[in-house]
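Novice: next input, structure requested:
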Amino acid sequence: MNGFLIAARTLHFSAAVSLTGAFAFVCLIASPAFRAAGAQLADAAALRRRLGWLCWASLVLLIVAGAAWFAGVASEISGKPLGATLSQGVWAVVLIRTRFGEDWLLRLALCVLLALCLAGRPFPRLRVSRVATWAGFLLGALVLATLAWAGHGAADPGASGNAHLVADILHLLAAGVWLGALVPLSLLLAETRSAGDRRSILVARGATARFSAMAVASVGTLVISGVVNTWFLAGTVPALVGTEYGRLLLLKLGLFAAMLLIAAVNLLRLSPRLADLTSAGAPRTIAQLQRNALFEAGLGLGVLAVVGILGTLPPGSHTQPRWPFPIRVEVAAAPVASQALLAVLAAVLCVGAITAVAAAAAGRYRCASIAAGGLALCLAVGWITLSSSVKPAYPTSFYAPTEPYAADSIVRGAELYATNCAVCHGAGGHGDGPAAAGLPVRPADLTEVHLFAHKLGDLFWWVGHGYPNGAMPGFASAMNPSQRWDVINFLLARAAGVQTREVGLQVTAAAAYPLPDFAFDKDGGQETLRRITQRGPVLLVLFGPSVPVNRLQELAQEQPRFRVARLTVLAIRLAGPREASEEARVPSLAVGVSPEVIATLSLFRAPADGNETELMLDRNGNVRARWARNAPGGLPPPETLAAAAARVAQIPLAPLSRSGHVH
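Specialist: Take a look at the predicted model:
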């Protein structure tokens, strides 16, 4: 079915592009070019007839391929074979009750109106012909625009989804007026070449000049909208090179670059030769322009075929990118001065690449060689600058966790760790397990800060395939991918709990350690820590075995002050039996949690803390300050908490990860 859908999508997109481009060519290029030469397009009967046949063929293909695409989607939605979908009336349900069916009906209605416009064009000397042509152009553009709702952009909610959808629409329209006008341009050039007179050369010159202007505007729109779409659909280099979607997107960009190269040759080398209308080489130049237009159209068809495939795949940002190289470059880890130099080099590279291509297209090979030399120099300087940021990489280095960093996952990971890892790394993770003494390399201490310096994808690879020095075996046969992520979440939570004990009493904006997400019951409903922290700072009061009634009542009385600082207080009992008499005196700050949450939060308490530990969390869920009953300074007064919360509220939310979500 995928092959059927890809073919139907490719033909449908191609027909829509061809139809829109043909109308755009007549309105914006051919008619003005003939008028400028003192002629009328209606006088070129053969060209007008061929353009009419091209429009009718494109319209028929648009309807037939659209029907095939609709049938294939209806079959996928219903889960029934294509024949059953058509014979059992499933198609009618999809047509009426789905967004895809509504969009298809709209395109069908536009196609009917397009047929009426084409029927009005055979009257060349009546005003209705010009009105019908412009109406056809508008309707064809609308058909192209509606295809955006069949893409990934229409599935994104909110303002970002609207921006993505607008970029999709502009991308389609720009492709339609550029790619779709290539075949009509070749037909016009063939017509003028066969005539060979001065007026025909003048028409060819005017048409190529107008087409070049339209192509430049279209290419600019394609580049800008393409960057926006790539950001939403891939967003990262790993997603581009490490996913099937990303590699196809790179293939599309390669075909687009080849089209730009041909277009540059036409614009900078061939078109200027038509300036001399008396030149004996004008027919040969027109023939070269015609041939190049057909080459561009062929490459454009390849681009549309790639688009047909991309629509059947999940975006690169929604799949795990498998890194194909043994190294990676961490630009963010480079010094600020090096990053600034790299930004300058990147700008110079862009300018140099454009200069080299333009010079080569214009036949100025010496200038192109100098620009290419400059590019090589920039690349060499960039590589030297980045050499210290080159790190080993693994196929899973850029994987995103499929299990959230949350209490349930951490409890499962603790059980898996005890079964598979504790024998070497020890029950506490300090590398002192029963088997550690007999190993040639001492197991790593998994509670130290170095754990957070590794990429999660690297940890995933080591758990599954072993550490590169051979001291640690892989556990891919013992743990499935989800279980490996559970173990990694447990390791991170335990290390964060140990390192958090060193967090001071004062809030800083330095790197902080994350507290796992968890669910809790409050006021008859359920909330999660992640949703609460996104609203503002959170003071997490962990206590047990006895209930600190006086402290909780003090915090409850200060709620008006805390609300000004946007501070939420959550009190959680981690140890000790339930005492009904004490719990009746506890204010509403106390919340109920599951045993899994208690086990997870216990990692963030130290034996020396006494009955109470208080953690100040920022909006990212990171621990920014820590107080304990038995620690020096004890528990802070409410005014100190309010001031700390005000400082924590100034710490910005972490930027949205471009790794997206993974299915």
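Novice: show me the contact partners of stretch 415-428.
Specialist: The contact list for stretch 415-428 (C-beta atoms under 8 Å, 6 or more residues apart in numbering) reads 431-436, 439, 443-444, 446-447, 472, 475, 478-479, 483, 486-487, 490-491. All C-beta atoms are positioned from the backbone trio N, CA, C, and that covers glycine.
Novice: just give me how far it sits from the chain centre.
Specialist: What separates the centre of stretch 415-428 from the centre of its chain is 38 Å, taken as C-alpha atoms, centre = their mean, to the nearest Å.
Novice: for it, buried residues please.
Specialist: Under the neighbour-count criterion of 16 or more other C-beta atoms under 10 Å, stretch 415-428 has 416, 417, 420, 421, 422, 424, 425, 426 buried.
Novice: over to stretch 260-278?
Specialist: For stretch 260-278, by 16+ other C-beta under 10 Å, it's 260-271, 273-274.
Novice: run through who's touching that stretch.
Specialist: With C-beta under 8 Å, 6+ apart, stretch 260-278 has contacts from 198, 201-202, 204-205, 208-209, 212, 215-216, 219, 279, 281-282, 285-286, 288-289, 292-293, 295-296, 299, 357-358, 361-363.
Novice: so for it, what's the average pLDDT?
Specialist: Averaged over stretch 260-278, pLDDT sits at 84.
Novice: CA atoms of it as PDB?
Specialist: C-alpha atoms of stretch 260-278 as PDB (Å, rounded to 0.1, in the frame of the first residue of the first chain):
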ATOM      1  CA  LEU A 260      19.700  26.000  -8.800                       C
ATOM      2  CA  LEU A 261      22.900  25.300 -10.600                       C
ATOM      3  CA  ILE A 262      21.200  24.900 -13.900                       C
ATOM      4  CA  ALA A 263      19.100  28.000 -13.200                       C
ATOM      5  CA  ALA A 264      22.300  30.000 -12.500                       C
ATOM      6  CA  VAL A 265      23.700  28.900 -15.800                       C
ATOM      7  CA  ASN A 266      20.600  30.000 -17.500                       C
ATOM      8  CA  LEU A 267      20.500  33.400 -15.700                       C
ATOM      9  CA  LEU A 268      24.200  34.300 -15.800                       C
ATOM     10  CA  ARG A 269      25.500  32.700 -18.900                       C
ATOM     11  CA  LEU A 270      22.800  31.900 -21.500                       C
ATOM     12  CA  SER A 271      20.200  34.600 -21.000                       C
ATOM     13  CA  PRO A 272      22.600  37.500 -21.600                       C
ATOM     14  CA  ARG A 273      23.500  36.000 -25.000                       C
ATOM     15  CA  LEU A 274      19.900  36.900 -26.200                       C
ATOM     16  CA  ALA A 275      20.600  40.600 -25.800                       C
ATOM     17  CA  ASP A 276      21.900  40.700 -29.400                       C
ATOM     18  CA  LEU A 277      18.800  40.000 -31.500                       C
ATOM     19  CA  THR A 278      20.900  39.800 -34.700                       C
END
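Novice: got the domain boundaries for this structure?
Specialist: 2-318, 327-392, 407-500, 513-649 (automatic domain parsing).
Novice: where does pLDDT dip in the stretch 401-550 of the chain?
Specialist: Within the stretch 401-550 of the chain, no stretch has pLDDT under 70.
Novice: how about the strands in it?
Specialist: Residue ranges of the strands in the stretch 401-550 of the chain, as given by DSSP state E, counting those that start in this stretch, are 513-514, 519-522, 525-528, 538-543.
Novice: can you report how many residues neighbour residue 13?
Specialist: By other C-beta atoms under 10 Å, 27 other residues sit near residue 13.
Novice: hang on, isn't it packed against residue 309?
Specialist: No - the pair formed by residue 13 and residue 309 falls short of the contact definition of C-beta atoms under 8 Å, at 11.2 Å.
Novice: can I get the helix or strand hosting residue 93 as PDB, trimmed to CA atoms?
Specialist: Assigned by DSSP states H and E, residue 93 belongs to helix 90-97. Taking Å, rounded to 0.1, in the frame of the first residue of the first chain, the C-alpha atoms of helix 90-97 are listed here in PDB:
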ATOM      1  CA  VAL A  90     -16.100   2.800   3.800                       C
ATOM      2  CA  TRP A  91     -14.900   5.600   1.400                       C
ATOM      3  CA  ALA A  92     -18.100   7.500   2.000                       C
ATOM      4  CA  VAL A  93     -17.500   7.600   5.800                       C
ATOM      5  CA  VAL A  94     -14.000   8.800   5.300                       C
ATOM      6  CA  LEU A  95     -15.100  11.400   2.800                       C
ATOM      7  CA  ILE A  96     -17.700  12.900   5.100                       C
ATOM      8  CA  ARG A  97     -16.300  12.400   8.600                       C
END
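Novice: show the subsequent helix or strand relative to that helix.
Specialist: Downstream of helix 90-97, the first helix or strand assigned by DSSP H and E is helix 99-120.
Novice: out of the contacts of stretch 415-428, list just those in helices.
Specialist: Under the assignment DSSP state H, those contribute 483, 486, 487, 490, 491 to helices.
Novice: and the two most separated of the buried residues of stretch 415-428?
Specialist: Largest separation among those by C-beta to C-beta: 416 and 426, giving 15.2 Å.
Novice: just for the stretch 551-663 of the chain, where's the confidence low?
Specialist: By pLDDT under 70, the low-scoring segments of the stretch 551-663 of the chain are 577-587, 655-663.
Novice: all helices of it, in order?
Specialist: For the stretch 551-663 of the chain, the helices defined by DSSP state H, counting those that start in this stretch cover 559-564, 580-583, 595-601, 638-649.
Novice: right, and those helices - which one's nearest residue 461?
Specialist: When those are compared by C-beta to C-beta, helix 595-601 sits nearest residue 461, at 25.2 Å.
Novice: only the buried residues of that closest one, if you could.
Specialist: By 16+ other C-beta under 10 Å, the buried positions in helix 595-601 come out as 596, 597, 598, 600, 601.
Novice: so which of those residues would you say is closest to residue 60?
Specialist: Closest to residue 60, out of all of those and judged by C-beta to C-beta, is residue 596, at 61.9 Å.
Novice: contacts only, for that closest one.
Specialist: Going by C-beta under 8 Å, 6+ apart, the list of residues near residue 596 reads 407, 408, 410, 411, 518.
Novice: can you rerun that using 6 Å?
Specialist: For residue 596, the contact set (C-beta atoms under 6 Å, 6 or more residues apart in numbering) comprises 407, 408, 411.
Novice: so how far is residue 631 from residue 321?
Specialist: 44 Å (C-beta to C-beta, to the nearest Å).
Novice: one more: residue 208?
Specialist: Taken as C-beta to C-beta, the span from residue 208 to residue 631 is 80 Å.
Novice: who has more neighbours, the two?
Specialist: Taking neighbours as other C-beta under 10 Å, residue 208 and residue 631 compare with residue 208 leading, 26 against 18.
Novice: only the buried residues of the strand or helix carrying that one, if you could.
Specialist: Element membership for residue 208 (DSSP H and E) is helix 198-233. For helix 198-233, the neighbour count (16+ other C-beta under 10 Å) marks 200-212, 214-215, 218-219, 221-222, 225-226, 228-233 as buried.
Novice: kindly report the same for stretch 480-487.
Specialist: 481, 483, 484, 485, 486, 487.
Novice: closest one to residue 527 out of these, please.
Specialist: Distances from residue 527 to those, taken by C-beta to C-beta, are shortest for residue 486, at 23.4 Å.
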